[in-house]
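Undergrad: Sequence below, structure please.
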Amino acid sequence: MAKLGRHEKRERRHRRIRKKVFGTPERPRLCIHRSLKHLRAQIIDDTTGNTLVWASTLDKEYEELAGKRGGKSVEAAQNLAQVLVKRALDKGIKRVVFDRGGFKYHGKIKAFADKCRELGLEF
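TA: Here you go, the predicted structure:
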């Protein structure tokens with residue numbers, strides 16, 4: 001049996017998390033994805049499969065706030081959280097369940113989650 005790579009291990013962890021984490025209309029799922037250059041976050045209602053709110057480090061609103069594109073730092077994760085929480089609160093979303101996407105709850109993922117909590121989202 002071949003040894004699993006980093007990507008396959010993350011996908012396995014994500015599947016394991018998704019067995020337990022499910023977004024409802026009252027508490028949609030806040031899902032984050034981290035690549036080498038960018039961060040993306042969505043708030044999803046899993047009953048209908050619709051994305052209610054999204055934000056990315058490629059987004060114009062993020063670029064205006066941060067002054068540049070890209071999400072390689074902890075500060076970028078915190079700026080992304082500001083954009084996402086503002087959009088979520090505008091749509092009336094205050095409570096979510098957090099889906100870390102198979103990534104360790106550390107570094108950028110932790111900074112993103114902490115900033116979201118600080119700005120008014122309840123996990």
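Undergrad: Low-confidence regions, the chain specifically.
TA: Counting by pLDDT under 70, the chain contains low-confidence ranges at 1.
Undergrad: how about the strands in it?
TA: All strands of the chain, identified by DSSP state E, fall at 29-34, 39-45, 50-56, 97-99.
Undergrad: right, and those - which one's nearest residue 116?
TA: Closest approach to residue 116 among the strands of the chain is made by strand 29-34 (7.2 Å; Cβ to Cβ). Yep, even glycine has a C-beta here, placed from its N, CA and C like the rest.
Undergrad: ok so, going back, next, format the strands of the chain as TSV and append mean neighbour count.
TA: Putting those into TSV (neighbours: other Cβ atoms under 10 Å) gives the following:
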stretch	mean neighbour count
strand 29-34	22
strand 39-45	22
strand 50-56	18
strand 97-99	20
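Undergrad: can you redo these as a markdown table with distance to residue 111?
TA: Shown next, in a markdown table, are those (distance: least, Cβ to Cβ, whole Å):
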| stretch | distance to residue 111 |
| --- | --- |
| strand 29-34 | 11 |
| strand 39-45 | 10 |
| strand 50-56 | 15 |
| strand 97-99 | 13 |
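Undergrad: so which of those strands gets nearest residue 70?
TA: Taking Cβ to Cβ, strand 39-45 is the member of the strands of the chain nearest to residue 70, at 9.1 Å.
Undergrad: Contacts for that closest one, please.
TA: 23-25, 28-33, 50-57, 71, 76-77, 80-81, 84, 88, 93, 96, 108, 112 (Cβ atoms under 8 Å, 6 or more residues apart in numbering).
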